[in-house]
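Chemist: give me coordinates for this.
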Amino acid sequence: MSRYITRLRMRRTYKWNGRPIGEDRKLKRQYYESMSISVEGKTEDATVSLGQYILIEGDDDDNPFVAQLRKLYTDGKKKSAVVQWFVRMCEVPQNKRKLLGRDPHPQEIFLYQDRSCDNEVDGETILGAVQVSYVIICFYRNLLGNKVDLLSDGEDGDDDDCFVPSKTDLQSSSDEEEEAKIDSEDELVVKKCRGSRTPRSTEKTRVSARTPRKTPIKKTAPATPRTPRHATPSIPSRSAPARKPGNVLEEARARLHVSSVPESLPCREQEFQDIYNFVESKVIDGTGGCMYISGVPGTGKTATVHEVIRSLQQSAEQDEIPHFRFIEINGMKMTDPHQAYVQILQKLTDQKATPDHAAALLEKRFSTPAPKKETTVLLVDELDLLWTRKQNVMYNLFDWPTRRNARLVVLTIANTMDLPERIMINRVASRLGLTRMSFQPYTFKQLQQIITSRLNRVKAFEEDALQLVSRKVAALSGDARRCLDICRRATEICEHSGSQKNGSGLVGMSHVMEALDEMFSSSYIAAIRCASVQEQLFLRAVIAEFRRLGLEEATFQQVFVQHQALCRVEGLQPVSVSEGLAVCQRLGSCRLLLLEGSRLDLFLRIRLNVSQDDVLYALKAD
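Modeler: Residues are numbered from 1 along each chain as shown. Coordinates of the predicted model:
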């Protein structure tokens, strides 16, 4: 048996073939398709290319490592390779060898899939290419007889020095398979290798390139299907198109859904124009900037910004303004504020990194000048949820647009107008600048106009019914989303009440009143109405403190200060700290409040378990 030539015996020289096929500027890597290996004393150079099976230098000269070449790259200092490893039967654990069902040949190799094994190796440990002439894939669930032979690397299978297993070696009895205890998770890939440096087998066998016939296997009951190890979740495709609305009420319900994108945004023309002018000027000038957009929920902040971006993208497609890139993140969709760095980097470069590494890469990206860099428009929704103790996330989001070479425009959206003054430290607030936009709550006329524009000549509501919904919602919060939900529910009530057959078929006052009662007459609202005066005042103090902070969480000490102030305004005797804690505990036991279970002191953290609209509705009705 000939021995492998290793680098310890002869000197090898490695060089790249051709130009790089790819480049990663972040990692400073250049990727190549092939590499030449010059061996001292030989006239011809060996070449290894992507996809080939290769031999890699190991401790044993007779048994070098076998792998498949996936990538070849250099970082300017050394040559490296990414490979898929294979192992020999002697390296397979003893309890797994019986899964093969036959005696292996010394030259057989097996696919090695272990994530703990490093698949990056030094490129100068590659000895050369090796040709694979036979592949057998065995899935061990009574399917050992199903084998496929494949010729690769241009081989025709006619060489006598090639080891190819005979049909006898490939066959295994079903009795042996049933006796063996087989792990359903195991999957084995067997390969026979040959090449100029591969030890030649003393046995010479020739087999045609057809699939060997398997030994008949005794039929058994079909096994229960199992989930694949690397299953990819997917949404099943729709077998038929979505059903179109069958009547006027269904059409109105579809148009009033919050996810339905309207043709235009009424009542926000001035806000739209101000945001549009701000972003357009930054994109044209190639500069950066930040705008702080505030307003209570449901006032059209996010919808207006999206409409601005759609209009600007249309202008960019028509070459009226320079092209820009738009990305969006939402603080409500993050488990940790520092995940903002990860999402921004991934949407910009399709690169995944840890929060610290992502922050460093973004810092470098927005600080380094680059030719032909396009402007990036970043929308940060629910900004108040990105608050941290050191406020470093907010600081970076406001500081990056100020860099000279950043070309970054940041649009931030929050629910509180005075969030910068309330919770931001000076160094963060100073980066925000003076460009702000405030969205006021909708009036009842504006809400009525929004519903009418969405219906777009679909006659489904009586005029008095629309006015009632608009006035009720405007008196509470001016939330357009709540108004749309009530109208949609009213169409359902109208459709199921049978009024279409007996009456005009339009949504009337009675349907709207029933929808309003359903929306604002839950068990929580009943509990608030039945609460004591001090408990109702405490709930009002919670909402007041939340609006002051711009957050949805506060400590008992902060709420207690608001509670004492409300007691004085109402002409009541302020309660003591212990009495206030007792009131807070009673509200927590009713699940109107969510309290921190591990403590009961001044720093007890408090959250509402119901919406602020429901609390305000119950208190006003009371």
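Chemist: packing partners for the helix or strand Val82 falls within?
Modeler: Counting by DSSP states H and E, the element that carries Val82 is strand 79-88. Contacting strand 79-88 under the criterion 3 or more Cβ pairs under 8 Å, 6 or more residues apart in numbering; DSSP states H and E are the following elements: strand 53-56, strand 65-74, strand 108-111, strand 120-122. Backbone N, C-alpha and C define where each C-beta goes, glycine included.
Chemist: quick check: neighbours of the shortest one in the sheet, parallel or antiparallel?
Modeler: In other words, strand 120-122. Strand partners for strand 120-122, identified by DSSP bridges, are recorded as strand 79-88 (antiparallel).
Chemist: can I get the helix or strand that the partner strand is followed by as PDB, trimmed to CA atoms?
Modeler: Read in the C-terminal direction, the helix or strand following strand 79-88 is helix 94-97, with elements assigned using DSSP H and E. Written as PDB, here are the backbone C-alpha positions of helix 94-97 (Å, rounded to 0.1, in the frame of the first residue of the first chain):
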ATOM      1  CA  GLN A  94     -19.200   1.400  18.200                       C
ATOM      2  CA  ASN A  95     -22.900   1.600  18.900                       C
ATOM      3  CA  LYS A  96     -23.600   3.200  15.500                       C
ATOM      4  CA  ARG A  97     -21.600   0.700  13.300                       C
END
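Chemist: got a pLDDT number for Pro106?
Modeler: At Pro106 the predicted local distance difference test score is 69.
Chemist: now the helices for the stretch 451-600 of the chain?
Modeler: 463-476, 480-497, 499-502, 509-520, 523-529, 533-549, 556-569, 577-589 (DSSP state H, counting those that start in this stretch).
Chemist: count the residues that sit near the closest residue to Ala465 other than its chain neighbours.
Modeler: With Cβ to Cβ, 6 or more residues apart in numbering as the criterion, Ala465 has its nearest non-adjacent residue at 4.6 Å, and that residue is Val512. In terms of burial, Val512 registers 25 neighbours under the definition other Cβ atoms under 10 Å.
Chemist: wait, Phe546 touches Ser611, no?
Modeler: No: judged on Cβ atoms under 8 Å, Phe546 makes no contact with Ser611 at a distance of 11.6 Å.
Chemist: and those two? which has more neighbours close in?
Modeler: Regarding Phe546 and Ser611, a neighbour count based on other Cβ under 10 Å identifies Phe546 as having more, with 22 against 14.
Chemist: my understanding was that Tyr617 contacts Leu476; is that so?
Modeler: Yes: applying Cβ under 8 Å, one finds Tyr617 in contact with Leu476, separated by 5.7 Å.
Chemist: which stretches of the stretch 251-400 of the chain have low pLDDT?
Modeler: Per-residue confidence for the stretch 251-400 of the chain (pLDDT under 70) gives these ranges: 263.
Chemist: I meant the chain, not that one.
Modeler: Counting by pLDDT under 70, the chain shows low-confidence ranges at 1-9, 106, 115, 133-235, 263, 417-434, 498-504, 621-622.
Chemist: tell me the domain ranges of it?
Modeler: 12-129, 269-439, 444-520, 524-620 (the TED database).
Chemist: so what strands line up beside the helix or strand containing Thr47?
Modeler: Element membership for Thr47 (DSSP H and E) is strand 46-49. Under the criterion DSSP bridges, strand 46-49 sits next to strand 34-39 (antiparallel) in its sheet.
Chemist: show me what counts as buried in the strand it pairs with.
Modeler: Taking 16 or more other Cβ atoms under 10 Å as the neighbour-count basis, strand 34-39 is seen to contain the buried residues 35, 37, 39.
Chemist: what's the spacing between that strand and its chain's center?
Modeler: 42 Å (Cα atoms, centre = their mean, to the nearest Å).
Chemist: which other residues reach that strand?
Modeler: Surrounding strand 34-39, the residues in contact under the criterion Cβ atoms under 8 Å, 6 or more residues apart in numbering are 5, 10-18, 45-50, 72, 79, 123, 126-128.
Chemist: what's the ChimeraX line that selects buried ones from those residues?
Modeler: Selecting the buried subset of those in ChimeraX, with 16+ other Cβ under 10 Å as the burial test, is done by:
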select :5,12,14,16,46,48,50,72,79,123,126,127,128
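Chemist: re earlier: in a markdown table: the helices of the stretch 451-600 of the chain, plus distance to Thr354.
Modeler: A markdown table is the format used below for these (distance: least, Cβ to Cβ, whole Å):
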| stretch | distance to Thr354 |
| --- | --- |
| helix 463-476 | 44 |
| helix 480-497 | 36 |
| helix 499-502 | 59 |
| helix 509-520 | 44 |
| helix 523-529 | 41 |
| helix 533-549 | 30 |
| helix 556-569 | 34 |
| helix 577-589 | 37 |
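Chemist: for Ser281, which of these is the nearest?
Modeler: Taking Cβ to Cβ as the measure, the helices of the stretch 451-600 of the chain were each checked against Ser281, and helix 480-497 came out nearest at 28.9 Å.
Chemist: measure how far that closest one is from the centre of its chain, please.
Modeler: Using Cα atoms, centre = their mean, we find the averaged C-alpha position of helix 480-497 to lie 33 Å away from the chain's own average C-alpha position.
Chemist: who's in contact with it?
Modeler: Around helix 480-497, the neighbours that count as contacts under Cβ under 8 Å, 6+ apart are 247, 249-250, 252-253, 256-258, 297-300, 442, 447, 450-451, 454, 460-461, 465-466, 469-470, 472-473, 476, 500, 505-508, 511-512, 514-516, 518-519, 613.
Chemist: next, the angle helix 463-476 makes with that helix.
Modeler: Helix 480-497 and helix 463-476 meet at an angle of 140 degrees, taking axes from the mean of the first three to the mean of the last three Cα atoms, to 10 degrees as the criterion.
Chemist: send over helix 480-497 as PDB, restricted to the C-alpha atoms.
Modeler: Included here for helix 480-497 are C-alpha records, laid out as PDB according to Å, rounded to 0.1, in the frame of the first residue of the first chain:
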ATOM      1  CA  ALA A 480     -59.300  56.200  15.000                       C
ATOM      2  CA  ARG A 481     -58.600  52.500  15.400                       C
ATOM      3  CA  ARG A 482     -61.100  52.200  18.200                       C
ATOM      4  CA  CYS A 483     -63.700  54.000  16.000                       C
ATOM      5  CA  LEU A 484     -63.100  51.600  13.100                       C
ATOM      6  CA  ASP A 485     -63.400  48.500  15.400                       C
ATOM      7  CA  ILE A 486     -66.800  49.800  16.700                       C
ATOM      8  CA  CYS A 487     -68.100  50.400  13.200                       C
ATOM      9  CA  ARG A 488     -67.000  46.900  12.000                       C
ATOM     10  CA  ARG A 489     -68.800  45.300  15.000                       C
ATOM     11  CA  ALA A 490     -71.900  47.400  14.300                       C
ATOM     12  CA  THR A 491     -72.000  46.000  10.700                       C
ATOM     13  CA  GLU A 492     -71.900  42.400  12.100                       C
ATOM     14  CA  ILE A 493     -74.700  43.200  14.600                       C
ATOM     15  CA  CYS A 494     -76.800  44.600  11.800                       C
ATOM     16  CA  GLU A 495     -76.100  41.600   9.500                       C
ATOM     17  CA  HIS A 496     -77.100  39.100  12.200                       C
ATOM     18  CA  SER A 497     -80.100  41.000  13.400                       C
END
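Chemist: buried stuff in it?
Modeler: 480, 482-491, 493-495.
Chemist: would you list those residues in TSV and tack on distance to Asn95?
Modeler: Converted to TSV, the buried residues of helix 480-497 look like this (distance: Cβ to Cβ, whole Å):
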residue	distance to Asn95
Ala480	65
Arg482	63
Cys483	67
Leu484	63
Asp485	60
Ile486	65
Cys487	66
Arg488	61
Arg489	62
Ala490	68
Thr491	65
Ile493	66
Cys494	69
Glu495	65
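Chemist: quick check: Phe603 vs Arg325, distance?
Modeler: Computed with Cβ to Cβ, to the nearest Å, the distance linking Phe603 and Arg325 is 44 Å.
Chemist: go on, Pro245?
Modeler: From Pro245 across to Arg325, the span is 37 Å (Cβ to Cβ).
Chemist: tell me where the stretch 201-350 of the chain has helices.
Modeler: 248-255, 269-285, 301-317, 339-349.
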